[in-house]
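Chemist: Need a 3D model of the sequence below.
(chains A and B)
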Amino acid sequence: GENVEQHPSTLSVQEGDSAVIKCTYSDSASNYFPWYKQELGKGPQLIIDIRSNVGEKKDQRIAVTLNKTAKHFSLHITETQPEDSAVYFCAASVMATLVFGKGTRLSVIA
Amino acid sequence: KAGVTQTPRYLIKTRGQQVTLSCSPISGHRSVSWYQQTPGQGLQFLFEYFSETQRNKGNFPGRFSGRQFSNSRSEMNVSTLELGDSALYLCASSLVEGGNSPLHFGNGTRLTVT
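Modeler: Numbers count the residues shown, from 1 in each chain, chains lettered A, B, ... in the order given. As a prediction, the model looks like this:
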């Protein structure tokens, strides 16, 4: 079945540095790629998404890039802050549903 | 606008029992999806309902079932509970069906099976 691989599983950065999380997908028909942030005790919250007709999208300190040929997409967080510490999930649309990566635990060290 | 509401927040059940979880979507959202979240398997799709009809189903046994009411509220039921059913069950709503639009998640129901 469709697989979404996410790396790394854990990531520690110093406050102010950048963080990059990468995902790959296998279904060439996937056309929607959201990213979610999950804080302790809460459900995942959408932070940014991109569709297959766009190569890059930015929202303040967060950006996502998509390479359809290579079937991978990445989340970039610049100027990280302690409140960015959370688990981040990528997802790809597959046959009328969303398949999620296993998550990346990001720790921002003050 | 109120977010997705899931009740109860926590449940403790015994093996063999059954359980019903409830989800109220964002007002105006007609699609409700359910996911199971565990540390080992991550987020796994259970099923999606749209206009009271199940539109899509994940790879879970028949013990997992759901339904949607005319007001878009949804319930999921797990019968004959097993220890492995212990997980966070997340409900998400969206404006349209099909996995190509943003999902808005509730905070989940934490089910513990003993």
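Chemist: use CA for all of it now, contacts and neighbours both
Modeler: OK.
Chemist: Who are the contact partners of the residue lying closest to B:Leu83 once chain neighbours are set aside?
Modeler: Excluding its sequence neighbours, the residue lying closest to B:Leu83 (C-alpha to C-alpha, 6 or more residues apart in numbering or on different chains) is B:Val113, at 5.2 Å. By C-alpha atoms under 8 Å, 6 or more residues apart in numbering or on different chains, the residues touching B:Val113 are B:Ile12, B:Lys13, B:Thr14, B:Arg15, B:Leu81, B:Glu82, B:Leu83, B:Gly84, B:Asp85, B:Ser86.
Chemist: run the last query once more with 10 Å
Modeler: For B:Val113, the contact set (C-alpha atoms under 10 Å, 6 or more residues apart in numbering or on different chains) comprises B:11-17, B:81-87.
Chemist: from those, which single one is nearest chain A?
Modeler: Checking the contacts of B:Val113 against chain A with C-alpha to the nearest C-alpha, the nearest one is B:Ala87 at 12.9 Å.
Chemist: surely the closest one meets B:Val78?
Modeler: No. B:Ala87 lies out of contact with B:Val78 (C-alpha atoms under 10 Å); the separation is 12.0 Å.
Chemist: and B:Gln41, what pLDDT?
Modeler: With respect to pLDDT, B:Gln41 scores 88.
Chemist: Quickly note the distance from B:Ala87 to A:Ser30.
Modeler: 28 Å (C-alpha to C-alpha, to the nearest Å).
Chemist: How about B:Ser72?
Modeler: From B:Ser72 over to A:Ser30 (counting by C-alpha to C-alpha), the distance is 27 Å.
Chemist: Residue numbers of chain B in contact with chain A?
Modeler: Contacts of chain B with chain A, taken as C-alpha under 10 Å from any C-alpha of the partner chain, map to B:4, B:9, B:33, B:37-45, B:47-48, B:55-58, B:88-92, B:97-110.
Chemist: Drop anything exposed from those residues.
Modeler: B:4, B:9, B:33, B:37-38, B:43-45, B:47-48, B:55-56, B:88-92, B:97-110 (16 or more other C-alpha atoms under 10 Å in any protein chain shown).
Chemist: In strands, which of those appear?
Modeler: B:33, B:37-38, B:43-45, B:47-48, B:55-56, B:88-92, B:104-105, B:109-110 (DSSP state E).
Chemist: Which strand residues bridge the spatially most central residue of chain B?
Modeler: Of all residues in chain B, the one closest to the mean position by C-alpha atoms, centre = their mean is B:Trp34, 3.2 Å from it. Using DSSP bridges, the bridge partners assigned to B:Trp34 are B:Phe47, B:Cys91.
Chemist: residues in contact with it?
Modeler: Neighbour list for B:Trp34: B:23, B:43-49, B:57-58, B:66, B:74-76, B:89-93, B:105, B:108 [criterion: C-alpha under 10 Å, 6+ apart].
Chemist: mind running it again at 7 Å?
Modeler: Applying C-alpha atoms under 7 Å, 6 or more residues apart in numbering or on different chains to B:Trp34 gives the contacts B:Phe45, B:Leu46, B:Phe47, B:Glu48, B:Leu90, B:Cys91, B:Ala92.
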